[in-house]
Every structure is written in C-alpha cells, then in structure tokens.
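Peer 1: my questions concern the predicted model and sequence given below.
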Amino acid sequence: MVSLDKQSADIAMGVDKALEAKEGEMSDEQIEAIGVGDQGMMFGYASNETEEFMPYPISLAHKLTLQLTKVRKDGTLTYLRPDGKSQVSVEYDENGKPLRLEAVVLSTQHDEKVTQEQIHADIKKYVS
C-alpha cells in the first residue's frame, strides 16, 4: 500500500524556513544549498563498516540520538523534550573508506524558554 499526503501545516510552519534564514544569518539561497528540511528518503542495507552491520553514517546518527535521549532522561539537560533526530553525512574515498564527516545535523524538541546559544553549547558539550 502506498499513501502520500500533504505535509501538515504545523510541521511546515517549523521547517519551511530555516532559523538561520529567519534570523538573517544566511540567505534563502545558502539554506537551499545545504538541503536540510523535515523530509527524506531512507534506505537500508547490511554493511561491514561497523560492528552492528549498519552503514557508518547511520551508526553515528544512532549513537548521537541515543546520547540525546540519555542526557534528557538522566536530567543533564532538563529542557529537552522527547522528539529528536540526527543526520550524519560522510565523505568516502575512492576505496569506499570513510574520509571525513561532511555534515552532522542534530535537532531536538526543547522548552521554549531556552536560547539557541544554550542549546548549541550544551549539545556540543554533552552529546557530540
């Protein structure tokens, strides 16, 4: 069965325009070049890149979200809420070996009173 529906207005309101563009830190064109939004196409396969037989980028993303959950549940970051997600992009060399991290995106639901600066500092300190 295939079922496609329009994105809800509530989700679209949060992701149609990036925070950096809203705050004037980046132009819409720069944001578009990054290609981050609240949509994606996922696929999976077994790989010998990691102990858990998952591709390296997925393994890293899973570890980040597990740590995000840990610091929320153990009270380290009391302002976090349950909805979080991560995306890791890895550049590979010509032999299929990881060369470097291209991008790491970590998004989390949080209390409305906490600042972006505080979230960034805490995520860097306690999650990454």
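Peer 2: All right, it came through fine.

Peer 1: pretty sure V90 contacts V104?
Peer 2: No - using Cβ atoms under 8 Å, V90 makes no contact with V104, being 9.7 Å away. Every residue, glycine included, has its C-beta placed from N, CA and C.

Peer 1: buried residues in the longest helix anywhere in the chain?
Peer 2: Secondary structure assigned by DSSP state H gives helix 56-73 as the longest helix of the chain. Buried residues in helix 56-73, defined by neighbour count with 16 or more other Cβ atoms under 10 Å: Y56, P57, I58, S59, L60, A61, L64, T65, Q67, L68, V71, R72.

Peer 1: any stretches of this protein with poor pLDDT?
Peer 2: By pLDDT under 70, the weakly predicted segments of the chain are 1, 7-8, 10-22, 26, 28, 30-44.

Peer 1: let's verify the residue nearest in space to the middle of the chain: helix, strand, or coil?
Peer 2: Centre of the chain computed as the mean C-alpha position; nearest residue by Cα atoms, centre = their mean is S86, 2.7 Å away. With DSSP: H, G, I helix; E, B strand; the rest coil as the basis, S86 sits in strand.

Peer 1: doesn't I123 make contact with it?
Peer 2: No - the pair S86 / I123 is not scored as a contact, 10.4 Å apart, by Cβ under 8 Å.

Peer 1: what is in contact with those two at once?
Peer 2: Both S86 and I123 are contacted by L68, L106, under the criterion Cβ atoms under 8 Å, 6 or more residues apart in numbering.

Peer 1: quick one: the helices in this structure?
Peer 2: Using DSSP H, helices in the chain cover 9-15, 19-22, 28-34, 56-73, 116-126.

Peer 1: show me what the last one is packed against.
Peer 2: Contacts defined by 3 or more Cβ pairs under 8 Å, 6 or more residues apart in numbering; DSSP states H and E place helix 116-126 against helix 56-73, strand 98-110.

Peer 1: in it, what counts as buried?
Peer 2: Quick answer for helix 116-126 (16+ other Cβ under 10 Å): I119, D122, I123.

Peer 1: now the angle from that helix to helix 56-73?
Peer 2: Put simply, helix 116-126 runs at 110 degrees to helix 56-73, going by axes from the mean of the first three to the mean of the last three Cα atoms, to 10 degrees.
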